[in-house]
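Chemist: just to be clear, the model below is a prediction. Sequence and coordinates:
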Amino acid sequence: MPARVKEMRHSRRVLKAVLQAVLQAAVLQVGRRHATQAPMASTAPFADYRDPDPFVAEVASHRFTLYPAGCDRLDALLEMIGSAQHSLELAYYMFLDDAEARRVRDALAAAARRGVSVAVIVDRFGTDAPDGFFAPITAEGGRFAFFSANWNLRYLIRNHQKFVIADGSHVMIGGANVARDYFAAPQEGGWTDLSMAISGPVVADFSRWFVQLEQWTATPGAQLRALRKLLREWDPGEGPVQLLLGGPTRVPSSWARRVKRDLLKVSRLDMVMAYFSPPRSYRRAMARIARRGQARLVMASKSDNGATIGAARLLYRKLLRAGVAIYEFLPAKLHMKLIVADDATYVGSANFDMRSLRLNLELMLRVEDAGFAAQMRGLVDTLAGAAEPITPAEYRRKRSWLRGWQWRLSWFLVSVVDYTVTRRLNFGLDDAAD
């Protein structure tokens, strides 16, 4: 292929990437300024709400420690970094420049200084810390890379995963990023989220995945087809504890495929979800669960992007009609990603929306154990107890003509514009150009 043609194709791809980034920024602004959603009920009765204490579970030679409270998450993360002796491997979507994030960064630099091998990957889209923010880590011999650092098509794929591996023997996963709001109490503006520390055989799978992710990230001009191949060939095994991955694959990823399979067969579903706008087939599966058993959803009533709440509320009507019990969490912004389907529990980074199911790099741990599922349903009970039940009558009363159109606009921005345009840019151009 002539060099000039290659250059023109590359320029066109970069231009489209820039336009898409501008579009996504506009979507966020519209969501924040024009689609702000108020809670359907007063939050005053829950002013003294306190996130639950850590709790422990053991399943099939694994030990899980769950951290629903932000202060406990930060303490556990710093302790994991401070006690590491050989290696630390981190991948985060968002790493901000604030006091709490600086504590984490400085702990990583100190670990590198004492001889620990430190490797850090953060998503370029999600992280607003300046490049120099991570210099203390590299100055001590640590490795650092931005996921999708360059303005090309792979910039549009977000690494939404959040995990830390210490010494190849312990890992912490969940929805929390490295920033103040993920470690603060609800009364201080903190998110209600969930992190889980894990020890046991599945940690080896996390290490295996980090090696592949770091190699792809560090490869100049790495192609999306190579990333798709890694995701397509990922084998989570058949045991009761499985690491599932999501990403921009042409066929459903291991995460999307497995959760869909569970939804089609279970008779009880409990879900706590920050962002909820799944494809129609998933919503139909959830409605069928309610008709043959029980389905309960705890959704956000407040967020940093009101469009995501409006998009979720648009979908309530048919789910309520099918018998799904819906609650909106009132004390704080909700950022948790938790699914309990019969005896299977999912914890990790993925929301239940178009991006997390079909586009973003995601990571979910699936644990099949009746006792653990019962413990996690206890956490759902706690959150539902601090939430407003959305009854069909209440939903009809508050769904005014104006709100209905506002919710439709929110859903369009979140589920159609952001997802469809991005998907078209990433699926088709990359394979055609070498």
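Modeler: Sure, I can see it. Residues are numbered from 1 along each chain as shown.

Chemist: from now on I want contacts and neighbour counts done on CA atoms only, so please keep to that.
Modeler: Fine.

Chemist: quickly find the element holding residue 242.
Modeler: strand 241-246 (DSSP states H and E).

Chemist: so how far is that strand from its chain's centroid?
Modeler: Relative to the chain's own centre, strand 241-246 is displaced by 13 Å; criterion: CA atoms, centre = their mean, to the nearest Å.

Chemist: identify all contacting residues around it.
Modeler: Residues outside strand 241-246 that contact it (CA atoms under 8 Å, 6 or more residues apart in numbering) are 60, 202, 205-206, 231, 234, 236, 253-256, 356-368.

Chemist: can you show me the strands along the stretch 301-434 of the chain?
Modeler: According to DSSP state E, counting those that start in this stretch, the stretch 301-434 of the chain carries its strands in the segments 325-329, 333-334, 337-341, 344-348, 352-353, 362-368, 387-390.

Chemist: likewise for the stretch 151-300 of the chain?
Modeler: Using DSSP E, counting those that start in this stretch, strands in the stretch 151-300 of the chain cover 163-166, 170-174, 191-192, 195-199, 241-246, 268-273, 276-277, 294-300.

Chemist: what angle sits between the strand holding residue 242 and strand 344-348?
Modeler: 50 degrees (axes from the mean of the first three to the mean of the last three CA atoms, to 10 degrees).

Chemist: now strand 241-246: average pLDDT?
Modeler: Mean per-residue pLDDT for strand 241-246: 98.

Chemist: partners of it, with directions?
Modeler: In its sheet, strand 241-246 lies beside strand 362-368 (antiparallel), with partners assigned from DSSP bridges.

Chemist: inside helices: which ones of the contacts of strand 241-246?
Modeler: 205, 206, 231, 254, 255, 256, 356, 357, 358 (DSSP state H).

Chemist: the fifth one touches residue 359, doesn't it?
Modeler: In other words, residue 255. No: using CA atoms under 8 Å, residue 255 is not in contact with residue 359; the gap is 11.6 Å.

Chemist: distance of residue 236 from residue 124?
Modeler: 27 Å (CA to CA, to the nearest Å).

Chemist: go on, residue 352?
Modeler: 22 Å.

Chemist: ok now do residue 133, which residues does it touch?
Modeler: residue 97 are the contacts of residue 133 under CA under 8 Å, 6+ apart.

Chemist: could you do the one 4 residues further on as well?
Modeler: With contacts taken as CA under 8 Å, 6+ apart, residue 137 has the following neighbours: 105, 106, 108, 109, 112, 118, 143, 144.

Chemist: hmm, 10 Å instead?
Modeler: Residue 137 sits next to 105-113, 118-120, 143-144 when contact means CA atoms under 10 Å, 6 or more residues apart in numbering.

Chemist: please give the element, helix or strand, for it.
Modeler: Using DSSP H and E, residue 137 falls within helix 135-139.

Chemist: where in the stretch 51-200 of the chain is pLDDT low?
Modeler: For the stretch 51-200 of the chain, the stretches flagged by pLDDT under 70 are 149-156.

Chemist: do that again at 50, thanks
Modeler: Along the stretch 51-200 of the chain, the model assigns pLDDT under 50 to no residue.

Chemist: burial measure for the closest residue to residue 173 other than its chain neighbours, as a count.
Modeler: In space, residue 173 comes closest to residue 163 once its chain neighbours are excluded; the distance is 4.5 Å by CA to CA, 6 or more residues apart in numbering. Neighbour count of residue 163, defined by other CA atoms under 10 Å: 24.

Chemist: what does the one 4 residues further on give?
Modeler: Using other CA under 10 Å, residue 167 has 19 other residues around it.

Chemist: quick check: it vs residue 328, distance?
Modeler: 39 Å.

Chemist: ok, residue 195 next?
Modeler: In terms of CA to CA, residue 195 sits 21 Å off from residue 328.

Chemist: more crowded one of those two?
Modeler: Comparing residue 195 with residue 328 by other CA under 10 Å, the one with more neighbours is residue 195, at 30 against 25.

Chemist: contacting residues for the closest residue to the more buried one other than its chain neighbours?
Modeler: Leaving aside its sequence neighbours, residue 195 sits nearest to residue 174 (CA to CA, 6+ apart; 4.2 Å). Taking CA under 10 Å, 6+ apart, we find residue 174 in contact with 66-68, 73, 161-164, 193-197, 335-338, 347-350, 363-365.

Chemist: 7 Å - rerun?
Modeler: 162, 194, 195, 196, 347, 348, 349 (CA atoms under 7 Å, 6 or more residues apart in numbering).
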